[in-house]
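*Asks:* sequence and predicted structure are below.
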Amino acid sequence: MSTVVSNDLQAKCINVIRGLAMDAVEHAKSGHPGMPMGCAPMAFALWTRHLRHNPKNPNWFNRDRFILSAGHGSMLLYALLHLTGYDVSLDDIKAFRQLHSKTPGHPENFATPGVEMATGPLGQGLATSVGMAIAEEHLRAVYGENACSHFTYVIASDGDLMEGVAQEACSLAGHLGLSRLIVLYDDNNITIDGNTSLAFTENTVAKFEAMGWHVQKIDGMDVDAVDKALTAAKQVKDRPSLICAKTVIGFGSPNKSNSPKSHGSPLGAEELALAKAALGIPGEPFWIPEDAQEEFRRAIARGSDWEAKWLAAAPQHFLELLQGQPDTSWISDFPIATEPSATRASNGVALQLAAESSHLIGGSADLTHNVMTEIKGSGTFSSDDPTGRNINFGVREHAMAAAANGLTLHGLTRGFGGTFFIFSDYCRPSLRLAALMECPTIFCFSHDSIGLGEDGPTHQPIEHLAACRAIPNFNLFRPADAHETAVAWAVAMQSKKTPTTIVTSRQAVPVVSPPASPTHPAFNGGYVLIDSPSPKACLVATGSEVGLAVEAARLLESEGIATRVVSLPSWFLFEQQDQSYRDSILPKNIPTLSIEAGSTSGWTKYAQVHIGIDHFGASAPASDIFRAFGFTPENVAKQAKALLK
């Protein structure tokens, strides 16, 4: 695929990338010019000689994925998108880092055509790309080369390789032998605090080779060397590839190159002029000569041709799959529950039904049978058999969550991951990023409270419900029983822009809600479960505490106190209902008591008094802890009566 470009034109094209980056950062008076200035040669080699993409259809399914994991160097990507013909104008470049522009400070997939994911938190791009590479490998194995056959390319920085999530993900990628994952490591030896020798002296080559990667070391400032390394990496059939490309941050700047001074601040007018003079760039801002523009824009014709050939060769049934919508009619087949059971067990049943009518793929962080995340009848994804839909992520919670996002962002596949709810702490940066990216990944978190008992406070989530609910565009669904668990899965599968976390119990809970169906009231996020004429008190609860609220209501009713019970499994969905519906469920004129085995943070908007846990748990049988912390029907009834007085 390599094309011959004259050295003069090639140098001019590379300097156009540098010039746009320098000028945009200077114009915005903020940004990171150094990384684009050093990475421009290898970016040019990748985007003009190897990357298969279609600027006029950024969502072409079989495009190569490109992830700028070093998202602080966003102007490198924006320059490439503009120059190759994406819907990113020169005015957009000039609006870098300005309100409502297509060119925010760090790349955002929902804001800019051609951006695959939001990057900026270091390590996230590299880790998420592992999920994309798994998706490609799996779909190619299931549907064939004509349907899905592309590469996932990443430009990663020193900082990316230092982050723990990247180390987890790279270890997993090496184990799985993801041969179409190719990482260009921008090895410039500079971080914000100074030279990487301050904190990063490991042997990267030896480390990645030990993790099962194919590794090359090259001069990243040499376009032909990058080209040859990429060509060699694409020939590797059993391992992911790391290309350690030695670069010079801020290349061309006489006083700030090879220095933190060019990392996160504009060069300044004087140094900008000196850098342009040293590079041979005219002084006019946002310089794009016609011949360089023409060279970059060849990507439009190439991309159109690649997509047309793919459409002609891809199996028709596969193309139809890409146009399909999630099918949640399976909820009508969810078995009617009568006996108490753990909602984690119901999670496994619902997952199985959902998997039969969609392309779910995922797994757990070494807790498959604890969290109930196995797709029965499907094998385990491996280098020997990539057709399997069950992924053993190992004890790598953060990489699991990031990779699950990659599986979802890739398209057609829907990623999911599972672990104990307490370990959502290890996943949280990826949970937040899923919400930011409008990426509807599904997270299955079990052992949701002190109900896990003897494992004690290190394993008992307290503040985690509140912490997850605090994330914008994030649907935490804590089902009360088996039927609400089925609804949670139907909601998750229907979601197009919101990730869903289904938080389930270890212990058995009674069946309290109506049978699962497309009209189940839990689809509204909250509903009246039990009511009385002219209720005097309202008990609102989630998860395993809904059954407790039902028992307490019976005690209150026996004393002549008319009581309403509200199940509120999803605050996110409830808040999307109109005000009249919300007021009909939780009227402001009825004294209300909330019951949840976790932090009371946030409950003031729904209730006046709370039974919760604003301290760490304890190690003891679950029944003893619940009793000690006041989660008994008698105490709930007592607190409700006190509220009425």
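*Replies:* All right, it came through fine.
*Asks:* check which helix or strand Val512 maps to.
*Replies:* For Val512, there is no host helix or strand (DSSP states H and E).
*Asks:* quick one: neighbours of it, just the number.
*Replies:* 22 (other CB atoms under 10 Å). To be clear about C-beta, it is placed using only N, CA and C from the backbone, and glycine gets the same treatment.
*Asks:* hang on, it packs against Val546?
*Replies:* Yes: counting by CB atoms under 8 Å, Val546 is a contact partner of Val512 at 5.7 Å.
*Asks:* shared neighbours of these two, anything?
*Replies:* Common neighbours of Val512 and Val546 (criterion: CB atoms under 8 Å, 6 or more residues apart in numbering): Ala480, Asp481, Leu529, Ser567.
*Asks:* isn't there a helix covering the third one?
*Replies:* In this case it means Leu529. No: going by DSSP: H, G, I helix; E, B strand; the rest coil, the assignment for Leu529 is strand, not a helix.
*Asks:* tally of neighbours for it?
*Replies:* Neighbours of Leu529 (other CB under 10 Å): 23.
*Asks:* Val512 is in contact with that one, correct?
*Replies:* Yes: the pair Leu529 / Val512 is scored as a contact, 6.4 Å apart, by CB under 8 Å.
*Asks:* mutual contacts of the two, please.
*Replies:* Common neighbours of Leu529 and Val512 (CB under 8 Å, 6+ apart) are Ala480, Val546, Val550, Ser567.
*Asks:* any idea how far Ala553 is from the second one?
*Replies:* As defined by CB to CB, to the nearest Å, Val546 lies at a distance of 11 Å from Ala553.
*Asks:* between these two, what contacts are shared?
*Replies:* Listed as contacting both Val546 and Ala553 by CB under 8 Å, 6+ apart are Val565.
*Asks:* where does this protein have its least confident helix or strand?
*Replies:* strand 190-191 (a mean of 92; mean pLDDT, DSSP states H and E).
*Asks:* what lines up beside that strand in the sheet?
*Replies:* Applying DSSP bridges, strand 190-191 is found paired with strand 194-195 (antiparallel).
*Asks:* how about residues contacting the strand it pairs with?
*Replies:* Counting contacts by CB under 8 Å, 6+ apart, the residues outside strand 194-195 that touch it are Asn189, Pro260.
*Asks:* for the helix or strand following that strand, buried residues please.
*Replies:* Using DSSP H and E, the next helix or strand after strand 194-195 towards the C-terminus is helix 204-210. Neighbour counts over helix 204-210 (16 or more other CB atoms under 10 Å) mark Thr204, Lys207, Phe208 as buried.
*Asks:* what confidence value was assigned to the first one?
*Replies:* Predicted confidence (pLDDT) for Thr204: 98.
*Asks:* leaving out chain neighbours, which residue sits closest to Ser332?
*Replies:* In space, and not counting its chain neighbours, Ser332 is closest to Ser517: 6.1 Å by CB to CB, 6 or more residues apart in numbering.
*Asks:* wait, is the one you found part of a strand?
*Replies:* No: Ser517 is assigned coil when assessed by three-state DSSP, not a strand.
*Asks:* report how many residues lie close to it.
*Replies:* Ser517 has 16 neighbours, counted by other CB under 10 Å.
*Asks:* ok, it touching Trp330?
*Replies:* No: using CB under 8 Å as the test, Ser517 is too far from Trp330 to be in contact (11.3 Å).
*Asks:* out of the shared contacts of Leu529 and Val512, who's nearest Ala345?
*Replies:* Taking CB to CB as the measure, Ala345 lies nearest Ala480 of the shared contacts of Leu529 and Val512, at 14.2 Å.
*Asks:* name the residues that touch the helix ranked longest in the chain?
*Replies:* Assignment by DSSP state H gives helix 290-313 as the longest helix of the chain. For helix 290-313, contacts defined as CB under 8 Å, 6+ apart pick out 3, 5, 9, 12-13, 16, 47-48, 52-57, 60-62, 80, 83-85, 146, 319.
*Asks:* now, these that are in helices?
*Replies:* Mapping the contacts of helix 290-313 onto helices (DSSP H) picks out Leu9, Lys12, Cys13, Val16, Trp47, Thr48, Leu80, Leu83, Thr84, Leu319.
*Asks:* residue boundaries of the helices in the stretch 351-500 of the chain?
*Replies:* Listed in chain order, the helices of the stretch 351-500 of the chain (DSSP state H, counting those that start in this stretch) span 368-371, 397-410, 424-436, 464-469, 482-494.
*Asks:* which strands or helices does the third one pack on?
*Replies:* Looking back up the chat, that one is helix 424-436. Helix 424-436 sits against helix 124-143, helix 397-410, strand 414-420, strand 442-446, helix 464-469, with contacts defined as 3 or more CB pairs under 8 Å, 6 or more residues apart in numbering; DSSP states H and E.
*Asks:* again, but for the shortest one
*Replies:* If contacts are counted by 3+ CB pairs under 8 Å, 6+ apart, helix 368-371 sits against helix 343-355, strand 414-420, strand 442-446.
*Asks:* how about these in a markdown table, adding mean pLDDT, mean neighbour count and distance to Glu454?
*Replies:* Below are the helices and strands packed on helix 368-371 laid out as a markdown table (pLDDT from 0 to 100; neighbours: other CB atoms under 10 Å; distance: least, CB to CB, whole Å):
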| stretch | mean pLDDT | mean neighbour count | distance to Glu454 |
| --- | --- | --- | --- |
| helix 343-355 | 97 | 24 | 17 |
| strand 414-420 | 98 | 28 | 14 |
| strand 442-446 | 98 | 28 | 16 |
